[in-house]
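Colleague: Okay, structure incoming, though there's no sequence with it:
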């Protein structure tokens with residue numbers, strides 16, 4: 001083995017290891033309704049960073065304005081029923097709460113692990129920003145969980161409305 005080859009082998013291995021640790025998780029997002037999932041609205045890609053999980057949005061066809069955005073407990077987007085009323089994406093369950101805090105406190109608070117920053121949709125129905133979930137250090141834990149976009153904004157509190165006032169579920173996708 002030449003000196004050049006001895007240097008190249010560890011360098012190539014380091015590059016491969018770096019690429020493996022820079023993996024990304026993805027979720028294909030669809031509109032949700034009382035009878036199930038509907039039209040595709042784009043994707044959310046998730047990558048690790050020193051500051052937490054980075055959620056890169058490439059969405060279209062959504063109502064303009066602020067929307068609550070959360071990681072939910074289950075990896076399903078189908079409807080469920082409660083008291084005879086269909087709940088769009090009810091199968092996603094509640095906000096992911098790995099620490100069992102039972103409270104909504106926003107992305108930097110001490111509540112649900114799945115509380116993410118407010119998603120803002122532009123006037124043309126697109127959302128292409130990147131949002132950081134600072135409390136999510138290992139993006140691998142997101143596999144098998146649903147991402148849910150809610151109809152309304154999010155005040156990062158359980159007051160005056162539960163779960164930040166996000167309301168009904170608008171779109172959902174499962175992290176693969």
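Modeller: Thanks, I have the structure now. All values derive from a computational prediction rather than experimental measurement.
Colleague: so where's this protein uncertain?
Modeller: 1-23, 164 (pLDDT under 70).
Colleague: what ranges do the helices span in it?
Modeller: Along the chain, counting by DSSP state H, helices occupy 3-21.
Colleague: the longest strand in it is where?
Modeller: Taking DSSP state E as the assignment, the strand of the chain that covers the most residues is strand 36-47.
Colleague: what ranges do the strands span in this protein?
Modeller: Using DSSP E, strands in the chain cover 24-33, 36-47, 53-59, 65-67, 69-72, 80-82, 85-87, 119-121, 130-133, 146-150, 169-174.
Colleague: And the fourth one, how far out from the chain middle?
Modeller: The gap between the average C-alpha position of strand 65-67 and the chain average comes to 15 Å, counting by C-alpha atoms, centre = their mean, to the nearest Å.
Colleague: go on, the first one?
Modeller: Averaging C-alpha positions (C-alpha atoms, centre = their mean) puts strand 24-33 9 Å from its chain's average.
Colleague: Next: the last one.
Modeller: A distance of 9 Å separates the C-alpha centroid of strand 169-174 from that of its chain, computed with C-alpha atoms, centre = their mean.
Colleague: which residues does the residue nearest to the spatial centre of the chain form a beta bridge with?
Modeller: Residue closest to the average C-alpha location in the chain (C-alpha atoms, centre = their mean): residue 147, at 4.0 Å. Going by DSSP bridges, residue 147 is paired in beta bridges with residue 71, residue 173.
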